[in-house]
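Engineer: Predicted model and sequence below, questions to follow.
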Amino acid sequence: MEAKEYLEQLPLLDMKINLKIKELDGLRTKLIGVGSVDYSNDRVQTSPKSDARFAEILHNIEYLEKEINDDIEKLVNKKHEIISQIQELKQSKQIEILYKRYVEYKSLEVIAREMRYSYQHIRRLHISSLKEFQKLLHNATPMLHQCYNIM
């Protein structure tokens, strides 16, 4: 896996979690609509259709909440792993650039302003930082395979 692709796991996981949270909000909104009572008409009996729909939505909410919690746990673990790996770089500017770009999700333009460098200079530093990080990944890969018996 290339360094950039590896580091972009964090924003990708974060985006997926946010999409699931939006889906969860939509389901909760539906739940409110299904569970509401219409007092404008006299009702003699309850609607089993409405109860089944309510239970189905509630089940989907519970399932999605579990998925979100699992994804958040994956994100936290992956973030810790990536931060630790970034901190193995030798130059502080490389660490700072990769951290700001892939952990804080900042654009290179914003990073350039914050670090008071030109965009072009930050771009060059970013590329060299990715190359150095790629070397770390390449050297760590055999150890990862041994630790987890990956073939």
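Structural biologist: Everything's here; your move.
Engineer: What are the contacting residues of stretch 127-146?
Structural biologist: 1-4, 6-7, 85-86, 88-91, 93-94, 97-98, 150-151 (C-beta atoms under 8 Å, 6 or more residues apart in numbering). From N, CA and C alone the C-beta is placed, and that goes for glycine too.
Engineer: Any chance of a PyMOL selection covering the buried ones in those residues?
Structural biologist: Buried residues among the contacts of stretch 127-146 (16 or more other C-beta atoms under 10 Å), as a PyMOL selection:
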select buried, resi 3+6+7+85+86+89+94+97+98
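Engineer: From the contacts of stretch 127-146, which land in strands?
Structural biologist: Judged by DSSP state E, those include no members of strands.
Engineer: can you map out the strands along this protein?
Structural biologist: Counting by DSSP E, the chain contains no strands.
Engineer: coming back round to it: could you list which of the contacts of stretch 127-146 belong to helices?
Structural biologist: Among these, DSSP state H puts Ala3, Lys4, Tyr6, Leu7, Gln85, Ile86, Lys93, Gln94, Ile97, Leu98 in helices.
Engineer: Could you identify the most distant pair in these?
Structural biologist: Using C-beta to C-beta, those span at most 20.0 Å, a distance reached by Tyr6 and Lys93.
Engineer: any idea how far Leu136 is from Lys4?
Structural biologist: As for Lys4, its distance to Leu136 is 13 Å (criterion: C-beta to C-beta, to the nearest Å).
Engineer: about what we covered before: can you add distance to Arg123 and pLDDT and give the ones in helices among the contacts of stretch 127-146 back as a markdown table?
Structural biologist: Below are the ones in helices among the contacts of stretch 127-146 laid out as a markdown table (distance: C-beta to C-beta, whole Å; pLDDT from 0 to 100):
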| residue | distance to Arg123 | pLDDT |
| --- | --- | --- |
| Ala3 | 15 | 95 |
| Lys4 | 13 | 95 |
| Tyr6 | 19 | 96 |
| Leu7 | 16 | 96 |
| Gln85 | 22 | 97 |
| Ile86 | 18 | 97 |
| Lys93 | 13 | 97 |
| Gln94 | 13 | 97 |
| Ile97 | 10 | 98 |
| Leu98 | 13 | 98 |
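Engineer: can you list these in CSV and add distance to Ile72?
Structural biologist: Output for those, formatted as CSV (distance: C-beta to C-beta, whole Å):
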residue, distance to Ile72
Ala3, 25
Lys4, 24
Tyr6, 20
Leu7, 19
Gln85, 20
Ile86, 21
Lys93, 31
Gln94, 28
Ile97, 26
Leu98, 23
